[in-house]
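**Student:** Give me a model of this one.
(chains A, B, C and D)
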There are 2 protein chains.
Amino acid sequence: MSASHSLPLQKCFLFCRIDPVYLGAIRGFSILRAFAAGETIFHEGDRAAGFFVVLKGKIKVYKLSVSGGEKILHVISEGGSVAEAVLFSGIERYPAFAEALEDAELLYVPRKDFLDLMKRHFDLVLSVLASLSEKLRFFNALIEDLSLKSASARLAKYLLDMAVSTGGDCFELDTKKNELARRLGIVPETFSRLIRRMSQQRILRVQKKQICLLNQRRLERLSSGEPF
Amino acid sequence: MSASHSLPLQKCFLFCRIDPVYLGAIRGFSILRAFAAGETIFHEGDRAAGFFVVLKGKIKVYKLSVSGGEKILHVISEGGSVAEAVLFSGIERYPAFAEALEDAELLYVPRKDFLDLMKRHFDLVLSVLASLSEKLRFFNALIEDLSLKSASARLAKYLLDMAVSTGGDCFELDTKKNELARRLGIVPETFSRLIRRMSQQRILRVQKKQICLLNQRRLERLSSGEPF
DNA sequence: CGTAGGGTTGAGGTTAATCAAGTATGGTGG
DNA sequence: CCACCATACTTGATTAACCTCAACCCTACG
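**Tutor:** A predicted model of the protein is given here:
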């Protein structure tokens, strides 16, 4: 029954960098709409005069195949936005279907009003550009991680990242090893075995949650795919 | 020695959607600079009054760790841009080092001039926003693909994608199977075996380069991780 | 103590890469 | 039109990386 509050605009990725002063204006010309799970938000081909920001719930964007099956293009959760292309490119119609996966609240932002606001306030433009380019960098990093295929490479990269961000060869794990393993996309057993082999080979020393890197050179080779 | 021509501005991802009319202006206030392989482009902490577009070659962006090792943050090739954050966020100094990996040509675009141009021409803003959001969608799709771990899941997803984009259950492979396998991140042998097992199980029929999907339901389950 | 949870270790199975042979297929020169 | 060759593709056997499952070891904490 979701008495749960919906996301504030500051948390939406397109708006997070925007000066709160403008958020009021945006809320002003936008329309808050609630959708029940399973309800359609728009159809492919519908005239598109604005885009949506997901404030609560999850929605899916999909196309229909001739054989009737639906092909999900993406799933968007709180904070994400749907059909921003309507804003930037001159698209006139929605290029796919959208439907709520759970009870959801969306903010419908009319294209014209938002563009007018941007036209009048250049710093708004910069904020939106900043949001997008930040997200892009984030995705870039994610892609790099995902394309490290072997468990040892991902672990090695993680260790090197830690060394850089803490600015030293020694650091404490901030999470349970269990949890860390999952973040690296491996199973705790594998994590344990890898760490053990690494300390046997004097690549690192480990005491409880404290880790000291002894051979960063080797870790770099591992992280770029050298077999272990 | 690279008599090889450098990339035209239309091909650079930040600019590709921009009306060519403006490209002249951009070229006008920007500075073309050549760097030899290994040459430094900027140092961390350097005052930043603009960003770079890579027209030729490859460059790396990296940080130094205390122990002297360099941690590569990203590698940017032709068409990419470096330090766009300087443009959008109010960053005053470069947050990392950049160095040419090969002989390279970069276009230095001064922040102030580019922002002025955007301020005067709102459609330029829209083009840049469109570029960024398109790239974002592209990355999104890439991430989805990369997070499909098993070979059968990636193949299944590819087949379903083809069915949607050709709008039918039957279609022709547009590339050599060899090449396709590589695109799916598997080895041709594995590709061949998977296809064979799929036709044995009546999931699809294959004749030369012609493929007909017989059981999309099953492919969907495979693509969402069901073991094969 | 005794138990619970995180962590480690071992045995065994699955997936997909590699290596090594094959079998089409599609030119090309005769 | 055929013999020949290169290249694509297929198939089998072997191997390495990881996962699963099951057991066990700690350490903290009642």
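**Student:** So what touches the helix or strand of chain A with the lowest mean pLDDT?
**Tutor:** Each helix and strand of chain A was given a mean pLDDT (mean pLDDT, DSSP states H and E); the minimum falls on strand A:70-77 at a mean of 86. By C-beta atoms under 8 Å, 6 or more residues apart in numbering or on different chains, the residues outside strand A:70-77 that reach it are A:54, A:57-65, A:82, A:96-97, A:101, B:140, B:144, B:160-161, B:164. All C-beta spots, glycine's among them, are computed from the backbone N, C-alpha and C.
**Student:** which bits of chain A sit near DNA strand C?
**Tutor:** Residues of chain A lying close to DNA strand C (C-beta under 7 Å from any atom of the strand) are A:K176, A:K177, A:N178, A:E179, A:P188, A:E189, A:F191, A:S192, A:R193, A:I195, A:R196, A:K209.
**Student:** still on that earlier bit, same for DNA strand D: which of the contacts of strand A:70-77 are within range?
**Tutor:** Checked against DNA strand D using C-beta under 7 Å from any atom of the strand, those give no members in range.
**Student:** Who are the packing partners of the lengthiest helix in chain A?
**Tutor:** Under DSSP state H, the helix in chain A containing the largest number of residues is helix A:122-146. Identification of packing neighbours for helix A:122-146 by 3 or more C-beta pairs under 8 Å, 6 or more residues apart in numbering or on different chains; DSSP states H and E yields helix A:111-120, helix B:85-88, helix B:111-120, helix B:122-146.
**Student:** With mean pLDDT as extra columns, can I get the ones you listed in JSON lines?
**Tutor:** JSON lines is the format used below for the helices and strands packed on helix A:122-146 (pLDDT from 0 to 100):
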{"stretch": "helix A:111-120", "mean pLDDT": "95"}
{"stretch": "helix B:85-88", "mean pLDDT": "88"}
{"stretch": "helix B:111-120", "mean pLDDT": "95"}
{"stretch": "helix B:122-146", "mean pLDDT": "91"}
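**Student:** Walking through chain A, point out its helices one by one.
**Tutor:** A:20-29, A:85-88, A:111-120, A:122-146, A:151-166, A:177-183, A:188-200, A:216-223.
**Student:** mind giving me a markdown table with these and columns for mean neighbour count?
**Tutor:** Below are these laid out as a markdown table (neighbours: other C-beta atoms under 10 Å in any protein chain shown):
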| stretch | mean neighbour count |
| --- | --- |
| helix A:20-29 | 14 |
| helix A:85-88 | 22 |
| helix A:111-120 | 15 |
| helix A:122-146 | 18 |
| helix A:151-166 | 19 |
| helix A:177-183 | 15 |
| helix A:188-200 | 15 |
| helix A:216-223 | 19 |
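**Student:** Select, out of the ones you listed, the one closest to B:L106.
**Tutor:** Checking the helices of chain A against B:L106 by C-beta to C-beta gives helix A:122-146 as the closest, at 18.1 Å.
**Student:** The helices of chain A: which one's closest to B:K149?
**Tutor:** The stretch from those with the least distance to B:K149 (C-beta to C-beta) is helix A:122-146; that distance is 9.8 Å.
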